[in-house]
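Novice: Below is the sequence, then the predicted model.
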Amino acid sequence: MNFEFATAGRILFGWGAFEQTPALARSLGRTALLVLGREGRHGEALAGLLAGRGVRSFSFHVDGEPKVRTVETAVGLARAEGCDLVVAVGGGSVIDAGKAAAGMAMQPGNVLEYLEVVGDGHPLTAPALPFIAVPTTAGTGAEVTRNAVLDVPERRVKVSLRHPSLLPRVAVVDPALTLTLPPEITAFTGMDALTQLIEPFVGLAANPMTDGFCREGIARAARSLVVAYHDGSNRDAREDMAAASLLGGLALANAKLGAVHGLAGVLGGTFGLPHGAICARLLPFVMDANITQLERGSTDTTTLERYREVARMLTGDSGAGPRDGVEWVRSLCAELAIPRLALEDAAEADLDSVIAGAQRASSMKGNPVALSDDDLRAILRSAD
């Protein structure tokens, strides 16, 4: 058994943890690039608190999923204002934008030189600026991962800027920041978190540390995602989902993902669909395809047993079989009103391109079985 474990330098979790952010920032720098979402939720208050601690801040707003030019603009602002610290407060896109800006601020060259798949994939050589990640959604776990996902529309794909130096210096996870999330965002991000707990648990790079994170996270998401969707003010459910998201991030950063994320990255880049909605829609079909292969004479009984354990955790039924887990996820998607992929008008050439891109994706390498192009096409058509 060989594995590595890496995460943020420090993790603060709990109600009111956000209030510690100004003091943490003061300990790491004097001038902060403050990366926020479109509406800048929590940004104005934080900027005032930072000023009170003697930390100047310059706000940068991220409108949608970050692109290469988003990062380059943020880096330009950080350099122009002499920022020695980056603080990102927002969903996964905001965290990824801040992470990439911190990583590139002192780096020579442009982002594409370091981007995987569509770029040169060079390793980062200059140190990253200290980075504090404060998620306001419960889904991506980006506050504890070493990659930033960037949209490259001209290549119709989302790919990662990836390096150990991108791990945040501090992750601040405060469930209170998720209390006002609307139901649809709660559903999409929550399903992303659940997928990021199931895929590492059944994947090829599972290890004893990530197994523990996945078991705890799956149980919390199974009991609380629907509750948080219907009653966003439920503090117990919001705390469970914030923990599930964090645990999913810890798992995916130290074990690989699988075919859901292999397809989702390309589908999102090609058709512009929300990442969490794609993951939610694909999850039961990918689970079913993997289980089918495992049942067709595979000698890998261990993974099939893991799918059985997933089913038991999801359903709470000690006698549940692997496909009971698939049906539970299908029912969950129906209750959360997860939309179809709506690919009926997509040309076969577009699907061919999605499948080829997915087969090259790093996430696909963690899937427990090798899925053929025909398998992936069947998944896409079933999820449509």
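Specialist: All right, it came through fine.
Novice: make it CA atoms for all contacts and neighbour counts henceforth
Specialist: OK.
Novice: so how many other residues sit close to Arg146?
Specialist: 25 (other C-alpha atoms under 10 Å).
Novice: pLDDT wise, what is it at?
Specialist: At Arg146, the pLDDT value in this model is 94.
Novice: Surely it and Ser160 touch.
Specialist: No. If you go by C-alpha atoms under 8 Å, Arg146 and Ser160 don't touch, sitting 9.5 Å apart.
Novice: Give me the contact list for stretch 241-248.
Specialist: For stretch 241-248, the surrounding residues in contact (C-alpha atoms under 8 Å, 6 or more residues apart in numbering) are 137-141, 143-144, 173-175, 190, 193-194, 196-197, 213-214, 216-218, 220-221, 224-225, 228.
Novice: any idea of the mean pLDDT for that stretch?
Specialist: pLDDT averaged over stretch 241-248 gives 98.
Novice: residue closest to the middle of this structure?
Specialist: For the chain, the residue sitting closest to the mean C-alpha position, by C-alpha atoms, centre = their mean, is Thr140 at 2.7 Å.
Novice: where does that residue land in three-state SS?
Specialist: coil (DSSP: H, G, I helix; E, B strand; the rest coil).
Novice: which stretches of the protein form helices?
Specialist: Chain-ordered helices for the chain, with DSSP state H as the definition, fall at 21-26, 43-52, 68-80, 92-104, 183-202, 208-230, 235-254, 259-271, 275-295, 301-315, 322-335, 348-360, 373-383.
Novice: Put the buried members of the contacts of stretch 241-248 into a ChimeraX selection.
Specialist: What follows is the ChimeraX syntax selecting those of the contacts of stretch 241-248 that are buried according to 16 or more other C-alpha atoms under 10 Å:
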select :137,138,139,140,141,143,144,173,174,175,190,193,194,196,197,213,214,216,217,218,220,221,224,225,228
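Novice: what sits against the most far-flung residue of the chain relative to its centre?
Specialist: Within the chain, the residue lying farthest from the chain centre (C-alpha atoms, centre = their mean) is Gly297, at 33.3 Å. For Gly297, no contacting residues are found, by C-alpha under 8 Å, 6+ apart.
Novice: Please shift the residue numbers so they start at 536 in all later answers.
Specialist: Happy to do that; since the first residue is 536 now, the last one works out to Gly832.
Novice: how far away is it from Val761?
Specialist: 36 Å (C-alpha to C-alpha, to the nearest Å).
Novice: repeat for Leu802
Specialist: For Leu802 relative to Val761 (C-alpha to C-alpha), the value is 26 Å.
Novice: And those two? Which one has more around it.
Specialist: Counting neighbours by other C-alpha under 10 Å for Leu802 and for Val761 shows that Leu802 has the greater number, 28 against 20.
Novice: residue contacts, the nearest residue to the more buried one once chain neighbours are set aside?
Specialist: In this structure, Leu802 finds its nearest non-sequential neighbour in Val889, 6.4 Å apart by C-alpha to C-alpha, 6 or more residues apart in numbering. Listed by C-alpha under 8 Å, 6+ apart, the contact partners of Val889 are Leu798, Val801, Leu802, Thr805.
Novice: Same question for Val801.
Specialist: By C-alpha under 8 Å, 6+ apart, the neighbours of Val801 are Arg691, Val692, Lys693, Val889, Gly892, Ala893.
Novice: Now tabulate the residues you listed in a markdown table and tack on pLDDT and distance to Pro557.
Specialist: Formatted as a markdown table, the contacts of Val801 follow (pLDDT from 0 to 100; distance: C-alpha to C-alpha, whole Å):
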| residue | pLDDT | distance to Pro557 |
| --- | --- | --- |
| Arg691 | 77 | 38 |
| Val692 | 78 | 36 |
| Lys693 | 81 | 32 |
| Val889 | 91 | 43 |
| Gly892 | 89 | 42 |
| Ala893 | 92 | 41 |
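Novice: Which member of these is positioned nearest Ala586?
Specialist: Lys693 (35.8 Å; C-alpha to C-alpha).
Novice: Hmm, the closest one is touching Leu685, no?
Specialist: Yes. Counting by C-alpha under 8 Å, Lys693 touches Leu685, with 5.5 Å between them.
Novice: Surely the residue nearest to the centre of the chain and Leu729 touch.
Specialist: No. Taking contacts as C-alpha under 8 Å, Thr675 lies outside contact range of Leu729: 9.7 Å.
Novice: which intervals of the stretch 686-835 of the chain have sub-threshold pLDDT?
Specialist: Residue ranges of the stretch 686-835 of the chain with pLDDT under 70: 833.
Novice: Now do the same contact list for Ser562.
Specialist: With C-alpha under 8 Å, 6+ apart, Ser562 has no contacts at all.
Novice: That one and Phe736, how far apart?
Specialist: Distance, Ser562 to Phe736, by C-alpha to C-alpha: 37 Å.
Novice: on that earlier part again, which one of the helices of the chain lies nearest to Met536?
Specialist: Once the helices of the chain are compared by C-alpha to C-alpha, helix 743-765 is nearest, at 9.6 Å.
Novice: what packs against that closest one?
Specialist: Using 3 or more C-alpha pairs under 8 Å, 6 or more residues apart in numbering; DSSP states H and E, the elements in contact with helix 743-765 are helix 718-737, helix 770-789, helix 836-850.
Novice: try it again with 10 Å
Specialist: Helix 743-765 is packed against helix 718-737, helix 770-789, helix 836-850, helix 857-870, with contacts defined by 3 or more C-alpha pairs under 10 Å, 6 or more residues apart in numbering; DSSP states H and E.
Novice: Would you pull up how far it lies from the middle of the chain?
Specialist: 15 Å (C-alpha atoms, centre = their mean, to the nearest Å).
Novice: what angle do that helix and helix 770-789 make?
Specialist: 140 degrees (axes from the mean of the first three to the mean of the last three C-alpha atoms, to 10 degrees).
Novice: Return the angle between stretch directions for helix 743-765 and helix 718-737.
Specialist: Using the same axes, to 10 degrees: helix 743-765 against helix 718-737 is 160 degrees.
Novice: ok so, going back, what's the separation between the residue farthest from the centre of the chain and Gly901?
Specialist: Taking C-alpha to C-alpha, one finds Gly832 at 20 Å from Gly901.
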